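# Make a model of this:
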Amino acid sequence: MKPLGPIPPGFATIAGELAIGGRTASELANGGTPLFVYSADMIRSRVASLRMAMPDRLRIHYAVKANPYRPLLQLMRQLVDGFDVASAGELERAVVAGQDPAAISFAGPGKTNAELETAIARGVTLNLESEGEARRALAIAGRTGVTPRLAIRVNPDFELRGSGMKMGGGAKPFGLDAERVPALAREVIAAGADWRGLHIFAGSQALDPTAVIEAQANTLDLAARLAAQIGAPLPHLNMGGGFGIPYFHGDRPLDVVAVGAALAERLAALPAELVETEFAIELGRYLVGEAGVYLTRIVDRKESHGQVFLVTDGGLHHQLAASGNFGTVVRRNYPVAIASRFAAADQENASIVGCLCTPLDRLADQAQFPRAAAGDLVAIFCAGAYGATASPMMFLGHEPARELLI
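Numbers count the residues shown, from 1 in each chain. I've put the predicted structure just below:
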């Protein structure tokens, strides 16, 4: 038997079934499966509790790449202080959702000239990833007569310890090596751009508060040092994110109260270079990940060499991460349950697999579940981030999953 990850708090049981937002899994699945369901109440609660934990002067940004579903973006626009995007497509979704372009920043390597021109024309802050990108942006601004809003993404000389995905330290395709930032910043300022400061993102999916506190302290120290070398005030500092959520057995929630207290202490004793700076953190999965559930229906129950397989109409083409194929070195089980028998006791060891003809399409491996049959619903939790849009939806030509915000 292989243990399942912890089911996030906030879900209920109605008539023995999993309930989300006061509606049973069966009711939600009436329109067809597979289906992503996102709880607006859980998202509101997460943002509210985060604001209580963080210093008042800290702004909270939503990383659109975590989940760009339009109704969810429309909700997030009301809850956070800005959006961070990583493509022209995400930028368009953010604007259509009603976000003010002045509250959007655009990061990511490989921005095309068309993307740069669109961002400049809309008044979005560009987080520059290289000297070459900066000069292309300045050339476009000169040609179009629009003053660009420019910040520099820094490749820091440290990383976020214990993070699931390291974005800093050593050679990286992201951002400009720290020692090269001051010269480029002075060039951008001299060219007449609207200087918007720095973006320093060291890593993601960290659950150790000590590691997050350390990374934030290092970020503030680096920003102060770079501001002094640039010789100009730092209007804005995007400190990145890195806040993780529990996915696997043994994971514990990040202590954001401890993180917020340490950050408040640092912000209360800033060096002169940062006294007037506006600070923001950029979070995606922490805000929406635990509020999402992927519902898929069992279409077949079969046995092979004494093992039970519950075959569903979903799979890794919608939930790549839960299958263990999204950067996981050792495959471990996500939080998974038989949604239509949520209150029932475990009775058997079974694997839950998807409908794709590949052995990689495994949503739960040899775990304990109530006895289930064709027609029962399976719930994959922690599906609010990096589900539908981080999975190979076109693989084998199956239809995309439905999405619903309730």
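
# For this structure, give me the ranges with low pLDDT.
Across the chain, the stretches falling below the confidence threshold (pLDDT under 70) are 161-173.

# got the domain boundaries for it?
As given by automatic domain parsing, the domain ranges for the chain are 12-38+290-405, 68-283.

# Make CSV out of those domains and add mean neighbour count and distance to Ile60.
In short, each C-beta sits where N, CA and C put it, glycine included. CSV is the format used below for the domains of the chain (neighbours: other CB atoms under 10 Å; distance: least, CB to CB, whole Å):
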stretch, mean neighbour count, distance to Ile60
domain 12-38+290-405, 19, 15
domain 68-283, 19, 5
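
# Looking at those, which is nearest to Met1?
Taking CB to CB as the measure, these were each checked against Met1, and domain 12-38+290-405 came out nearest at 5.6 Å.

# end to end, how far does that closest one reach?
Criterion CA to CA, to the nearest Å; first-to-last residue distance in domain 12-38+290-405 is 17 Å.

# chain center to that domain, what's the gap?
Domain 12-38+290-405 has its C-alpha centroid displaced from the chain centroid by 20 Å (CA atoms, centre = their mean, to the nearest Å).

# any chance of the domains of the chain in CSV, plus distance to Gly5?
Formatted as CSV, these follow (distance: least, CB to CB, whole Å):
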stretch, distance to Gly5
domain 12-38+290-405, 4
domain 68-283, 5
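
# Run through who's touching stretch 181-196.
With contact meaning CB atoms under 8 Å, 6 or more residues apart in numbering, stretch 181-196 is reached by 105, 125, 128, 131, 134, 138, 141, 147-152, 154, 176, 198, 226, 229-232, 235-236.

# So Ala379: helix, strand or coil?
Using DSSP: H, G, I helix; E, B strand; the rest coil, the three-state assignment for Ala379 comes out as strand.

# beta partners for it?
In this structure, Ala379 has the following beta-bridge partners (DSSP bridges): Leu295, Ala337.

# my read: it touches Ala337, true?
Yes: contact between Ala379 and Ala337 holds when scored by CB atoms under 8 Å: they sit 4.9 Å apart.

# Which neighbours do these two have in common?
Shared between the contact lists of Ala379 and Ala337 (criterion: CB under 8 Å, 6+ apart) are residues Leu18.

# about what we covered before: determine which of the domains of the chain approaches Tyr62 most closely.
Go through the domains of the chain one by one with CB to CB and the one that ends up closest to Tyr62 is domain 68-283, at 4.6 Å.

# Ends of that closest one, what's the gap?
Across its full length, domain 68-283 reaches 13 Å between end residues, using CA to CA.

# before we move on, what about stretch 33-48?
Between the opening and closing residues of stretch 33-48 we find a distance of 31 Å, counting by CA to CA.

# For the stretch 251-400 of the chain, which segments count as strands?
Counting by DSSP state E, counting those that start in this stretch, the stretch 251-400 of the chain has strands at residues 278-283, 292-304, 307-312, 336-338, 348-353, 362-369, 377-380.

# I'd like those written out as JSON lines, with distance to Leu404 added.
Putting the strands of the stretch 251-400 of the chain into JSON lines (distance: least, CB to CB, whole Å) gives the following:
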{"stretch": "strand 278-283", "distance to Leu404": "23"}
{"stretch": "strand 292-304", "distance to Leu404": "10"}
{"stretch": "strand 307-312", "distance to Leu404": "18"}
{"stretch": "strand 336-338", "distance to Leu404": "18"}
{"stretch": "strand 348-353", "distance to Leu404": "21"}
{"stretch": "strand 362-369", "distance to Leu404": "20"}
{"stretch": "strand 377-380", "distance to Leu404": "14"}
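
# re the thing from before, to Arg59, which of the domains of the chain lies closest?
Judged by CB to CB, the one of those that comes nearest to Arg59 is domain 68-283, at 4.0 Å.

# so Asp157 sits right up against Leu176, yeah?
No: proximity of Asp157 to Leu176 does not meet the contact threshold set by CB under 8 Å, at 11.9 Å.

# mind listing what Ser391 touches?
With the criterion set at CB under 8 Å, 6+ apart, Ser391 makes contact with 316-321, 326.

# distance of it from Pro400?
Using CB to CB, to the nearest Å, one obtains 10 Å as the distance from Ser391 to Pro400.

# same question, Ala345
The spacing between Ala345 and Pro400, counted by CB to CB, is 35 Å.

# same deal with Ala202?
Here the criterion is CB to CB. By it, Ala202 lies 33 Å from Pro400.

# what does Asp365 give?
Following CB to CB, the distance that separates Asp365 from Pro400 is 25 Å.

# measure Leu58 to Gly197 for me?
Between Leu58 and Gly197 the distance is 15 Å, computed by CB to CB.

# which ones are touching the closest residue to Ala372 other than its chain neighbours?
Residue nearest to Ala372 in three dimensions, not counting chain neighbours: Ile338, with 4.8 Å by CB to CB, 6 or more residues apart in numbering. Ile338 makes contact with 344, 369-370, 372, 376-379, according to CB under 8 Å, 6+ apart.
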